[in-house]
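Peer 1: Sequence and predicted model, in that order:
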Amino acid sequence: MKALWKGVLLAESDKTIVVEGNHYFPPESLVAQHFIDSSTTSICPWKGLASYKTVKIAEGQNIDACWYYPDPKAAASEIRGYYAFWKGVDIQP
C-alpha cells in the first residue's frame, strides 16, 4: 500500500493494518522528511488518545493529515505507533 499526497509518496508498506477502513502504516514505512509533529490530539472511545502529524511537501502543508496512537488502549494495541491518513491523502494498492 502507498500513501500519496499531491503525487508525493508519504509511506509505502505491504504490512499495513486495516482498522475501521483505514490503513495504518508501520513507522519505518514513512518518508520522515514529509512529516512535522503537531500538538493536536483527539480521543477515540476504544482506541484511546490519538496524536497527529502535519504532512509537508514542496507544494505546501496538509495540517494534521496523519494520525497515530502512541499508547492505545488494549483493544487497539496492534496499531501502537502505526500511522493512518485522511484530508485528501490518497491510499493506493
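Peer 2: In hand now; what should we look at?
Peer 1: dump the residue contacts of residue 63.
Peer 2: By CB atoms under 8 Å, 6 or more residues apart in numbering, the contact set of residue 63 is 38, 54, 87. C-beta coordinates here come from the backbone N, C-alpha and C atoms, glycine included.
Peer 1: Residue 73 now?
Peer 2: 46-48.
Peer 1: For PyMOL, write the selection for the buried entries among the residues you listed.
Peer 2: Here is the PyMOL command that selects the buried residues among the contacts of residue 73 (16 or more other CB atoms under 10 Å):
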select buried, resi 47+48
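Peer 1: Of the contacts of residue 73, which is the nearest to residue 29?
Peer 2: Ranked by distance to residue 29 (CB to CB), the contacts of residue 73 are led by residue 47 at 19.7 Å.
Peer 1: Tell me where the model's unsure across this structure.
Peer 2: Within the chain, no range satisfies pLDDT under 70.
Peer 1: Show me the strands in it, by range?
Peer 2: 2-5, 8-12, 17-19, 22-24, 35-44, 48-57, 60-68, 83-85, 90-92 (DSSP state E).
Peer 1: And the contacts of residue 63, which of them are buried?
Peer 2: For these, buried by 16+ other CB under 10 Å: residue 54.
Peer 1: With distance to residue 6 as extra columns, can I get the contacts of residue 63 in a markdown table?
Peer 2: Shown next, in a markdown table, are these (distance: CB to CB, whole Å):
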| residue | distance to residue 6 |
| --- | --- |
| 38 | 19 |
| 54 | 14 |
| 87 | 12 |
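Peer 1: for the contacts of residue 63, which one is nearest residue 68?
Peer 2: When the contacts of residue 63 are ranked by distance to residue 68 (CB to CB), residue 38 comes first, at 10.7 Å.
Peer 1: Which residue comes closest to the closest one once chain neighbours are left out?
Peer 2: With CB to CB, 6 or more residues apart in numbering as the criterion, residue 38 has its nearest non-adjacent residue at 4.2 Å, and that residue is residue 52.
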